[in-house]
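> Here is a sequence together with a model predicted from it:
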Amino acid sequence: MRIQLPKKSTNSDNLMKIHVSSALGTGPTQLSAFDNALIKTGVANYNLLRLSSVIPPDAEITEYEGAVPKLPGKWGDRLYAVYAETRTSLPSEEAWAGIGWVQDPETGQGLFVEHEGHSEQSVKLDITKSLHALLVNRGLPEMPISMNVVGGVCVDLPICAFAVAVYQVSDWQNSPQLQ
């Protein structure tokens, strides 16, 4: 299922498209569970470069259940993203990860936060508290909070909860490939 938020700018040519997805991966090791989550969200085969969570003006955020649309670029290119991930291999232990965001309805600029934990409630609470604090720190008004949180309980195989906001793919010659 795809949920598209309204465009924030009248100039749609300048919109930056940010794709948000999450998945719970499993595998025989915690690393293979992480890889399985990357595959499920459509961001495997890239080198992930973690961003600090600022949403540029004129950004359009689209959430996906499952993988984001096929990304441009090729095997090993750089993928700029905000992401949260947590892993466990302990039976009965939970792993949760989530991304939350606020976005100014006029400019499209905003903020992401990413949190990991061992309960859905704690991750959602941390996201909410962090976004409120970031807005206060910047002297910005309260804004509606959106979030994408995923997780589960380890049964017999290791699990990895992974949530990602994909900004851009770039090759190693610094040629950006926008979505």
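That came through, no problem.
> which residues of this protein fall in helices?
Taking DSSP state H as the criterion, the chain carries its helices at 30-41, 120-137.
> do you know how far Lys40 is from Val82?
18 Å (Cβ to Cβ, to the nearest Å). No exception for glycine: its C-beta is placed from N, CA and C like everyone else's.
> Neighbour count for the two, which is higher?
Taking neighbours as other Cβ atoms under 10 Å, Lys40 and Val82 compare with Val82 leading, 23 against 20.
> Excluding residues flanking it in the chain, which one is nearest Phe112?
Spatial nearest neighbour of Phe112, chain neighbours left out: Ser53 (4.1 Å); criterion: Cβ to Cβ, 6 or more residues apart in numbering.
> quick one: the one you found from Trp101, how far?
Taking Cβ to Cβ, one finds Ser53 at 8 Å from Trp101.
> so what sits against both of those two?
Leu111, Phe112, Val113 (Cβ atoms under 8 Å, 6 or more residues apart in numbering).
> could you dump these to JSON lines with distance to Val169 and neighbour count?
Formatted as JSON lines, the shared contacts of Ser53 and Trp101 follow (distance: Cβ to Cβ, whole Å; neighbours: other Cβ atoms under 10 Å):
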{"residue": "Leu111", "distance to Val169": "22", "neighbour count": "22"}
{"residue": "Phe112", "distance to Val169": "18", "neighbour count": "29"}
{"residue": "Val113", "distance to Val169": "23", "neighbour count": "22"}
